[in-house]
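K.L.:
predicted model, plus sequence, below.
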Amino acid sequence: DAEGYTHFMRKEIHEQPGAVERALGGRLDERFHTAHLGGLNLDAREARGIRRVKILGCGSAYYAGQVGAQLIEELARIPADAEPASEFRYRNPVVEPDTLYIAVSQSGETYDTLVAVQELRRKGGRVLGVVNAVGSAIARECDGGVYLHAGPEIAVASTKAYTSQAVVFALLALHLGRIRDLSPSDGRRICEGLRRLPGQIEEILKQEDRIAALAADLATYRSMLFIGRVRGWPIARESAQKLKEVSYVHAEAYPSSELKHGPLALVNPELPTVAIVPDDDLLDKNQSTLGEIRARRGRVLTVGHRELGDDSLVVPKSEPELDPILLTIPLQLLAYHAAVALGNDVDKPRNLAKSVTVE
Ligand code: M6R
């Protein structure tokens with residue numbers, strides 16, 4: 001029973017302010033504008049020796065990993081990228097001693113991620129876990145790690161775990177940044193931004209009725225495009241996946257910059273676009289992309305910090321590096337309400353399992 005909520009997915013979306021509080025709990029250091037993460041097993045000298053970060057996970061954990069890679073690169077200035085663990089394990093990757101590997105998993109039981117970790121360990125790689133389930137197989141295999149403390153996630157579609165993963169990556173990036181090149185003032189800015197998140201998520205959740213009405217309308221289309229640039233790109237991917245998973249409406253995510261290299265051919269009045277358009281240094285570029293879509297009579301729903309047309313979801317402004325955390329939340333509600341409008345089994349979508357413990 002979803003304790004008074006219609007579905008676990010909705011309950012878990014609404015639990016996010018608390019989940020973020022717990023992910024942050026006792027980890028921010030206001031004096032030195034950094035984060036402390038007890039279980040890393042990585043001292044400052046070792047952390048300064050990291051030359052590269054590679055993040056591995058599946059599905060939403062992989063998209064959270066992409067958010068994490070961007071945060072680590074921006075705040076700690078370490079080259080970082082994310083790859084699906086399910087691909088990594090099959091391609092005999094080069095394992096480097098000065099690369100920090102990070103495995104991300106809500107359940108800690110995803111077989112592809114577990115095998116990737118085991119292969120890395122066999123070849124001498126150092127692996128941290130960003131895991132929700134305490135004592136799970138992946139948590140046990142890693143050299144160290146950070147627990148999300150998001151509480152149990154029951155709905156097949158991940159919501160609060162994804163958000164908590166992104167928050168933990170922000171903490172890790174802050175921690176690595178502050179023992180490398182990140183200035184105290186930027187450290188303070190990120191700390192303050194993180195502290196504001198729970199209240200800002202509450203604000204977004206208050207828009208649920210409006211998002212539900214939009215979702216019922218959008219659920220009548222057969223297919224949708226999700227686009228975003230740089231920080232908006234993993235948001236687009238995660239949000240498209242969420243919509244597909246629970247509503248079964250086809251959705252495709254593209255970087256906004258790639259639109260003119262192919263998918264623009266699809267745009268017509270029957271294909272709405274969800275565009276991630278934060279108020280950042282890419283706003284002008286993003287607005288010209290919106291113009292290209294509208295010129296082809298494509299309907300656009302924007303998610304950002306201001307009204308940008310007929311259908312705009314406006315979220316409170318955060319620090320730009322933390323945008324991926326807040327901008328995803330209205331789109332979780334959009335996917336949820338599209339699925340409800342279509343009468344789907346929201347918590348147990350067809351063909352899917354909560355954790356994929358097989359090949
Ligand atoms: O338990 P994990 O985080 O390792 O699960 C990974 C994916 O299977 C999971 O995120 C999946 O993509 C979700 N159903 C997404 O909503």
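P.N.:
Sure thing, it's come through.

K.L.:
export stretch 91-108 as CSV, just CAs?
P.N.:
Provided in CSV are the C-alpha atoms of stretch 91-108 (Å, rounded to 0.1, in the frame of the first residue of the first chain):
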residue,chain,number,x,y,z
ARG,A,91,34.2,-4.5,-24.3
ASN,A,92,37.4,-5.5,-22.4
PRO,A,93,38.1,-1.9,-21.3
VAL,A,94,41.5,-0.6,-20.4
VAL,A,95,41.7,-0.4,-16.6
GLU,A,96,44.0,2.4,-15.4
PRO,A,97,45.4,2.8,-11.9
ASP,A,98,44.9,6.5,-11.7
THR,A,99,41.3,6.4,-12.9
LEU,A,100,38.6,6.5,-10.2
TYR,A,101,35.8,4.2,-11.2
ILE,A,102,32.3,4.8,-9.7
ALA,A,103,29.5,2.3,-9.8
VAL,A,104,26.0,3.8,-9.4
SER,A,105,23.0,1.7,-8.4
GLN,A,106,19.8,2.1,-6.4
SER,A,107,19.3,-1.6,-5.7
GLY,A,108,23.0,-2.5,-5.5
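
K.L.:
okay, buried residues for it please.
P.N.:
93, 95, 99-108 (16 or more other Cβ atoms under 10 Å). All C-beta spots, glycine's among them, are computed from the backbone N, C-alpha and C.

K.L.:
of those residues, list those near the ligand.
P.N.:
Taking Cβ under 6 Å from any ligand atom as the test, the ligand is in contact with 105-107 out of those.

K.L.:
that older thread, so which of the buried residues of stretch 91-108 sit within strands?
P.N.:
Counting by DSSP state E, the buried residues of stretch 91-108 place 99-105 in strands.

K.L.:
and the residue of the stretch 1-150 of the chain found nearest the ligand, how many neighbours?
P.N.:
Nearest to the ligand in the stretch 1-150 of the chain, going by Cβ to the nearest ligand atom, is Gly59, at a distance of 1.8 Å. For Gly59, the count of nearby residues is 23 (other Cβ atoms under 10 Å).

K.L.:
and it, how far from Met224?
P.N.:
The gap separating Gly59 from Met224 is 19 Å, by Cβ to Cβ, to the nearest Å.

K.L.:
coming back round to it: now the nearest residue to the residue of the stretch 1-150 of the chain closest to the ligand once chain neighbours are set aside: which helix or strand?
P.N.:
Nearest residue to Gly59, sequence neighbours excluded (Cβ to Cβ, 6 or more residues apart in numbering): Gln241, at 6.8 Å. Using DSSP states H and E, Gln241 falls within helix 232-247.

K.L.:
kindly report the same for Leu56.
P.N.:
Counting by DSSP H and E, Leu56 is part of strand 52-57.

K.L.:
repeat for Gln287
P.N.:
Using DSSP H and E, Gln287 sits in helix 283-295.
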